[in-house]
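K.L.:
Would you be able to build a 3D model of this:
(2 chains, ligands or ions: 2)
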Amino acid sequence: MAPILALENISKRFGAVVVADGIDLSLNEGEALGIIGPNGAGKTTLFGIATGTVTPDAGRVLFDGKDITRLAPEGRCRLGLARSFQIPQPFSGMTVFENVVVAAAFGNNEREAAVYDRCADLLERCALAAKANKRAGGLTLLDRKRLELARALATKPRVLLLDEVAGGLTEHECATLIALIKDVRAEGVTIVWIEHVVHALLATVDRLAVLHGGKFIASGDPHKVIRSAEVAEIYMGIDADA
Amino acid sequence: MSEQVRYRVEHATRSSRIGVGLIAIVLMVLALAPFWGDRQMLRLLAELLTFVALASLWNLLAGYAGLVSVGQQAFVGLGGYLLFAMVILAGVHPIAAIFIAGPIAAAVSIPVAALTFRLRGAYFAIGTWVVAEVFRLLASQVSVLGGGSGVSLPAAAVIAMAPTRQAREFEIYWLALALTVLVLAAIVTLLRSRHGLALTAIRDNEVAAQSNGIDVTRVKLIVYVLTAFGTAMIGALIFLMKLRISPDTAFSVNDWTAFVIFITVIGGIGRIEGPIIGTIIFFFMRQTLSDLGSLYLLIMGAVAIVVMLWAPKGLWGLIAERYGWQALPLQRHLVFDDTAPRSRDKRA
Ligand SMILES: Nc1ncnc2c1ncn2[C@@H]1O[C@H](COP(=O)(O)OP(=O)(O)OP(=O)(O)O)[C@@H](O)[C@H]1O
Ligand SMILES: [Mg+2]
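P.N.:
Numbering: from 1, shown residues only, chains lettered A, B, ... in the order given. Ligands and ions are numbered 1, 2, ... in the order given. Sure thing, here's the model as predicted:
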């Protein structure tokens, strides 16, 4: 079976900064992958390359065996590749409900009236129902992040790319989020989750990869990876020999 | 999945119900203007209406689709010249010519878009201006339409519209009112449609719109062509009212773009109500300050700067954000039905 999403030999630099140096990544359908790495490692850029908002200098992106390297972001979204933005990008002049309707109607190419039901459900699942008719531009950062998640889910993704959705949540909110993501996963959605809140990842993913210096320096069982000396040294800033 | 209806989606709000009521009253008063206004008043109102239409079209283009064109005079002039060409060269009835000018301009706008859409931001703006200048130069080469000095509408064609001068003035006024209402209704219909949803999303955030499956370039092209359609019809009407056209008046960046941008910016860009408010302010200022000569332009410039600094979303933007008002029912509101169980969450 072809991987649902694959990055092949991806390279990208911004000026002198190399953010991806021949990266390979392959995801099987239904898998949940966590990505960690220091600030500026290139994690978000990798999502940009996968979804088409960033053009790689070299390499290919494959979705369900199909080369999508040259496909525009809207095309990738309609294939079933959705992302949440680390810095939320709401349609600020539209209501929260309308934000989700846009994603549902265009991300899945449906009639507007046909998606209302799903959108109302999603708002409840993402704890946004009470703010459905508020202007998205007036939301708190936390609610903006919830909206990012709701919009990504509204496109009915096959692969969901989450970029730091757990930061700033209380213990209880984080538990709710984890339950939601597990639910989504149980519906068969493949998940890639970039997160600094490591315990949330450990509770959710079945593989953890560490990005550093434009390469994945470790990948595998989450608990093993997080305990490895290399990760402790590079990611946590702890000297492994000490 | 759904056991019962817990909510419904509504467009209208209390402010929009009041807004629509007010608009209906204003329209009625305007429709009766020939019976309460003198000739000068009718002229002024007709001119005001054309500016409402032009500014609303520019707002759609720049405020929603993010296509900041400073070359819409290309289509105002094209519409005007098409009308004069059809009337003078082919004997078409002037009113019919208005409606033919629209689709022709829309067709012309496609190759223009193919050219200018390669440019981004400020370069796009300059590109559209260059195109308008090229149009102006081309118009001055057409000797059957008076070349550089322009041409008047033949008296026979004017008389053919209506026998008496008064009847003609009424006819032109009602035409201006009808066309403006048509343009506004078309814009409202567009914004309420699925395309309007995409367009509003593009207005707010292009990257997110793309990432949510919207083909941004396609929507922009559609808006560009539709705007050219409407702008050319209004242009044809404007020069039918003036009864005379020349390359410099037809393709004037000052009249058809600078004033239009002023109107849209002070009224509120990216909101359908903005250009209407802006036009009223603009005409009020023009009527009260025009005796001051060039000082009047300075004051307008100062007003534009003040508004941009203090209310970057325009006067209507300020009001709408503070009070959540919308004069027209564009937004979709999710109304939960509180009598039904609030949640049917499977995990609950
Ligand atoms: N469009 C851009 N132009 C120039 N440099 C960029 C651009 N986007 C990202 N960078 C740089 O590339 C590097 C990687 O950025 P990226 O956002 O992918 O990191 P990240 O791993 O997501 O970091 P964080 O954990 O802080 O979110 C950073 O040094 C950043 O400054
Ligand atoms: Mg990041």
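K.L.:
what's the spacing between the residue lying closest to residue B:190 once chain neighbours are set aside and residue B:202?
P.N.:
Closest residue to residue B:190 apart from its sequence neighbours, by Cβ to Cβ, 6 or more residues apart in numbering or on different chains: residue B:196 at 5.3 Å. Just so you know, the C-beta spots here come from the backbone N, C-alpha and C atoms, and that holds for glycine as well. Distance of residue B:196 to residue B:202, given as Cβ to Cβ, to the nearest Å: 10 Å.
K.L.:
now the helix or strand hosting residue B:80: how far from the chain's centre is it?
P.N.:
Per DSSP states H and E: residue B:80 is located in helix B:73-90. Mean-position distance between helix B:73-90 and its chain equals 19 Å (Cα atoms, centre = their mean, to the nearest Å).
K.L.:
And the helices in chain A?
P.N.:
A:43-51, A:73-79, A:96-107, A:112-125, A:141-154, A:171-186, A:198-204, A:222-227, A:229-234 (DSSP state H).
K.L.:
So the fourth one, near chain B or not?
P.N.:
Yes. Applying Cβ under 8 Å from any Cβ of the partner chain, one finds helix A:112-125 touching chain B at A:112-113, A:116-117, A:119-121, A:123-125.
K.L.:
ok, and the most crowded of the residues you listed?
P.N.:
Among those, the one with the most neighbours (other Cβ atoms under 10 Å in any protein chain shown) is residue A:119, at 28 neighbours.
K.L.:
Please report how far that residue lies from residue B:58.
P.N.:
32 Å.
K.L.:
My guess is residue B:37 contacts residue B:45. True?
P.N.:
Yes. Here residue B:37 reaches residue B:45: they are 6.8 Å apart, a contact under Cβ atoms under 8 Å.
K.L.:
burial of residue 132, as a residue count?
P.N.:
Unless you meant another one, I'm taking chain A. 22.
K.L.:
look at chain B instead
P.N.:
By other Cβ under 10 Å, neighbour count at residue B:132 equals 27.
K.L.:
next one: residue B:170
P.N.:
16.
K.L.:
how much does the strand or helix carrying it deviate in direction from helix A:112-125?
P.N.:
Using DSSP H and E, the element containing residue B:170 is helix B:165-192. Counting by axes from the mean of the first three to the mean of the last three Cα atoms, to 10 degrees, helix B:165-192 points 50 degrees away from the direction of helix A:112-125.
K.L.:
Quick check: pLDDT value at residue B:5.
P.N.:
Note for residue B:5: predicted pLDDT of 58.
K.L.:
no, scratch that, I was asking about residue B:161
P.N.:
84.
K.L.:
Spatially nearest residue to it (excluding sequence neighbours)?
P.N.:
Per Cβ to Cβ, 6+ apart, closest to residue B:161 is residue B:168, 5.5 Å.
K.L.:
Please tell me I have it right and the one you found contacts residue B:158.
P.N.:
Yes. Between residue B:168 and residue B:158 there is a contact under Cβ under 8 Å: 7.0 Å.
K.L.:
residues contacting residue B:176?
P.N.:
B:45-46, B:49-50, B:237, B:241 (Cβ atoms under 8 Å, 6 or more residues apart in numbering or on different chains).
K.L.:
Same question for residue A:113.
P.N.:
By Cβ under 8 Å, 6+ apart, residue A:113 lies in contact with residue B:9.
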